[in-house]
Structure formats: C-alpha cells, structure tokens
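Q: Sequence and predicted model, in that order:
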Amino acid sequence: MMITSEDLQGHLASGSLKPLYVVYGGGLLLAIEAADSIRAAARAAGYIEREIFTAEQHFKWSELRNSAQSLSLFASRKVMDIRIPSGKPGTEGGQALQDYCANLSEDVLTLISLPQLDKAAQNSKWFDALQQHGVLVAADDIPRNALPRWIAGRLKRQEQSADSATMEFLADRCEGNLLAAFQEIQKLALLFPAGPLSFDQVKDSVMDVARYDIFKLSEAMLAGNAVRYARILDGLRAEGTATVLVLWAISEEIRTLGKVLQAIQQGGNLKNALRDARVWGARQGLIETAARRLKFPHIARAIHQAARLDKTIKGLRQGDVWDELLQLGLRFAQK
C-alpha cells in the first residue's frame, strides 16, 4: 500500500494501524512530520516501548529479529524505529529486511525511515518486500507549482488565509526550502490573528529563504518561464554558484531537446524521440512542452550561443558571463 504524506493523517485517523510503515523521500520536513505522526498514533494505541536502530556501516542486522521477538516486562507492545540514512542496506541488510517482513508481529509496530531512493533501490527485492507487507509513505519535496496549495493548507491549519497573489509571493520566497517555509508560516501565526492576511502583511514579515539549484534553473527555461528563470539565476549568482556548472545544466537540456527535435524533423514521433533521448519522469513533460513550443533552428542558435559563452567562462573572449547566461535562458524561454 502506498500513500503520500498528505494522506497519512486520514489513514491514521481510521484507527487501524498496520504493523509496518516505511517513510521515504527527499522532503525532510514532510518525512519528519510523517514519522512523528506514526509514533504518536502508536503511543495512543498502546505501543509504549520504543527501540531505535540506525543501520550504518557495521550494523548487526540480526539485532532486528532478536529485538522484535522480545518484549519488556512492562510493555505488551512496542515500536521498532529503524533508520537507514544511506538508503542502501547492502546485500545482508536487504535479505534481513525481506526476512523481517515475512515475520511481522501484531505486537510490534515497525517504522522504517529512508531518504530519497534511486530507481535501483526502488526496484530491489527488499523494497518490494516492504511495499508488499507495509504502508509506504512518500515524503517527496513539494514542487514549485504545488507550493501555493501546500502553503494554503498550512495557513488553514492555523486559521489563516491569503489570496492567490500572496500565495505565489510566499512560494517564490520559500522555494526549495520547505523547512524554512514552515517556519515562516508559523511566524505569521505569531504575528497576526486568525483570518485573511493581506499582501503587505506577508511581504513585510516573510524573509527570502528560497534555495535554488541549477536543475530548477533548467526547468524554468524548458517551461518557458522567463521571470522564474531570471529570479533563480539571480539566486544562484548570490549563492556563488560556479558559472561553469550553470552553463553545463542549461547546455545538457538544450542538447537533449535538440536530439528530440532533430528526430521529429526526420519523421519520427515525439514519444519515440523522448525514449531514444533517455528522457523519463517529470523531465519528460518539460522536454515535451519545450519541443512543442520550439523549432530545431532555434536550438542550433542556442547551442552556438552556449559555445561562445563557454569561451567567455574560460577567458578566451570578453563578456559578462552572468548577463550572457541570462540572455541565453531568456532566448530559450521565449514563446
């Protein structure tokens, strides 16, 4: 069974706890909250005792089985809190998890915490065993387009609200930093009473705590969002990001899109072109959107501009690198 962290409260409210829960994903705040909610529900259901295991190097996996089979004299139920920071239990750990799942006890609630997992880990036998025997709680980070709705939900919890423009402003200030966003939202509850918040109240109270990365920059470029592209580029510059990394991220997407458009130009269809260019997941939608908006000659000019920019970064020609990065992205993002 698989649910999101947002669905977890409804699941726990049903009152029927399962013997195994697995919290995994890159959203640190959501993962912490999910694990806390599961532990609180377990305490309320009579799981009094709790043991914590951190599976790092040289961890003895046999301890899991031995501990699960033993209860103290003072508790008839307990929580096994297992944390695997690397997300890679190894061969021995993978087999131990499979064996553990095959012998779950109703008197033991097991909570396993994992980070964001790569495709290989999610296709492993041990992860499949967790999925078959437990409840998987996906604690993924909130993407930018879903951030205003998430903020609205958090404001509603503290009996506050704001209009859509204010939500977008908040999202811009907190993008990529969900924990800081949570703190800023809590601050609004301390500063203002319940009810609607004005744009000026929020603007004067919320810090710019957004964190950007080069992959969000390329996302904005592919989506044709020139305003967001410029804002993220300014953030990367302020954080001291190396210009060579910024150019690399942009160029990779330009070359990938070029392969897709060239295949279409030669008579191929978009679906096959995306597959041949090894474009999957959320990135597929971005490349597909850009491919429908742009033509191959446009990509050729962008590649030529990126090559000149590479020479600028290496000191082989004069120019303002950040200004040229802005021009490259804005040209690529235009309709």
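A: Noted; the coordinates are in hand. Numbering: from 1, shown residues only.

Q: Where does pLDDT dip in the stretch 201-335 of the chain?
A: 333-335 (pLDDT under 70).

Q: Would you quantify the distance from residue 239 to residue 116?
A: 22 Å (C-beta to C-beta, to the nearest Å). To be clear about C-beta, it is placed using only N, CA and C from the backbone, and glycine gets the same treatment.

Q: When these two are compared, which one has more neighbours?
A: residue 116 (16 against 10; other C-beta atoms under 10 Å).

Q: ok, and the closest non-adjacent residue to the more buried one?
A: residue 26 (3.7 Å; C-beta to C-beta, 6 or more residues apart in numbering).

Q: I'd say that neighbour and residue 141 touch.
A: Yes - under the criterion of C-beta atoms under 8 Å, residue 26 makes contact with residue 141 at 4.9 Å.

Q: out of the two, which sits in the busier spot?
A: residue 141 (17 against 14).

Q: For the residue nearest to residue 116, report the pLDDT, please.
A: At residue 26, the model reports a pLDDT of 89.

Q: Could you shift the numbering so residue one becomes 840, and keep it that way?
A: Yep, numbering from 840; the last one is residue 865 now.

Q: That one: what secondary structure?
A: Here residue 865 is coil, with the state taken from DSSP: H, G, I helix; E, B strand; the rest coil.

Q: pLDDT value on residue 909, please?
A: For residue 909, pLDDT reads 66.

Q: Oh, that last question was meant for residue 1007, not what I typed.
A: pLDDT, residue 1007: 92.

Q: Repeat that for residue 912.
A: Looking at residue 912, the pLDDT reads 51.

Q: The one 10 residues further on too?
A: Listed pLDDT for residue 922 reads 95.

Q: Likewise for residue 915?
A: 73.

Q: next one: residue 870
A: pLDDT recorded at residue 870 is 94.

Q: What helix or strand is it located in?
A: According to DSSP states H and E, residue 870 maps onto helix 867-883.

Q: can you give me the strands in the stretch 990-1139 of the chain?
A: 999-1000, 1034-1035 (DSSP state E, counting those that start in this stretch).

Q: which secondary structure elements does the first one contact?
A: Put plainly, it is strand 999-1000. Under the contact definition 3 or more C-beta pairs under 8 Å, 6 or more residues apart in numbering; DSSP states H and E, strand 999-1000 sits against strand 1034-1035.

Q: just how off-centre is the strand it packs on within its chain?
A: Relative to its parent chain, strand 1034-1035 has a centroid offset of 30 Å by C-alpha atoms, centre = their mean, to the nearest Å.

Q: contacting residues around it?
A: By C-beta atoms under 8 Å, 6 or more residues apart in numbering, the residues outside strand 1034-1035 that reach it are 998-1002.

Q: Tell me which strands that strand pairs with, and in which orientation.
A: strand 999-1000 (parallel) (DSSP bridges).

Q: quick one: average pLDDT of the strand it pairs with?
A: 96.

Q: quick revisit: list the buried ones in the helix holding residue 870?
A: 868-874, 876-878, 880-881 (16 or more other C-beta atoms under 10 Å).

Q: per-domain residue ranges of the chain.
A: By the assignment in automatic domain parsing, the chain contains the domains 841-977, 983-1044, 1053-1172.

Q: still on that earlier bit, residue 1023 is nearest to which of the strands of the stretch 990-1139 of the chain?
A: Set against residue 1023 and scored by C-beta to C-beta, the strands of the stretch 990-1139 of the chain come closest in strand 999-1000, at 12.4 Å.

Q: now what about the closest one, what contacts it?
A: Contacts for strand 999-1000 (C-beta under 8 Å, 6+ apart): 991, 994, 1027-1028, 1031, 1033-1036.

Q: one step back: and the buried residues of helix 867-883, which is closest to residue 1021?
A: residue 868 (5.5 Å).

Q: quick one: contacts for the closest one?
A: By C-beta under 8 Å, 6+ apart, the residues touching residue 868 are 1017-1018, 1021.

Q: Distance of it relative to residue 1060?
A: 27 Å.

Q: now do residue 969
A: Counting by C-beta to C-beta, the gap from residue 969 to residue 1060 is 37 Å.

Q: List the buried residues of the regular element (helix or strand) spanning residue 1147.
A: If you go by DSSP H and E, residue 1147 is part of helix 1135-1152. For helix 1135-1152, a neighbour-count test (16+ other C-beta under 10 Å) marks 1135, 1137-1138, 1141, 1144-1145, 1148-1149, 1151-1152 as buried.
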